[in-house]
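**Student:** Next input, structure requested:
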Amino acid sequence: QNEAQALLEERAGKWASASIAWGKVCDGRPGDLRAHRHAAQALLNANGDLRRARSYAQRAIEIDPQSIESRVLLGRIYIAAGMKLNAQRELEAAAKLDPQDQIVKNLLRELKA
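**Tutor:** Take a look at the predicted model:
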């Protein structure tokens, strides 16, 4: 039920509400990679609590350390928080997983500019 609500809120662009619903999904399913990524992304999109967004993204990486998507998301959260060195670290970790990933290359280039 919370996941269905979260998806509805996302489709409507109601990011703050989506983040709350995804947070409930994460509480009930602490090993759910997708839920943690969605919760972090919703908070980032809502300009919400970046510490909470970071926690969700970090948990997603704990669940799947090979997930480029989760590392890029955490990098974007760090960028939004003004934490460039942390962002660079995560994006470089993502680049090691896939050196050809264009999103990672672009974000790293922007950070160094």
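
**Student:** any idea which residue sits dead centre in this structure?
**Tutor:** residue 73 (3.5 Å; C-alpha atoms, centre = their mean).

**Student:** Could you point out the helix or strand that follows the helix or strand it falls within?
**Tutor:** Under the criterion of DSSP states H and E, residue 73 resides in helix 68-80. Once helix 68-80 ends, the next helix or strand along the chain (criterion: DSSP H and E) is helix 84-97.

**Student:** Check which helices and strands that next one is in contact with.
**Tutor:** helix 68-80, helix 102-112 (3 or more C-beta pairs under 8 Å, 6 or more residues apart in numbering; DSSP states H and E). All C-beta atoms are positioned from the backbone trio N, CA, C, and that covers glycine.

**Student:** Just name the most buried of these.
**Tutor:** Neighbour counts (mean count of other C-beta atoms under 10 Å) averaged over each of these peak at helix 68-80, with a mean of 22.

**Student:** what does that one contact?
**Tutor:** Helix 68-80 is contacted from outside by 33, 36-37, 40-41, 44, 47, 50, 53-54, 57-58, 60-61, 64, 84, 86-88, 90-91, 93-94, 97-98, 101, 103-104, 107, 111, using C-beta atoms under 8 Å, 6 or more residues apart in numbering.
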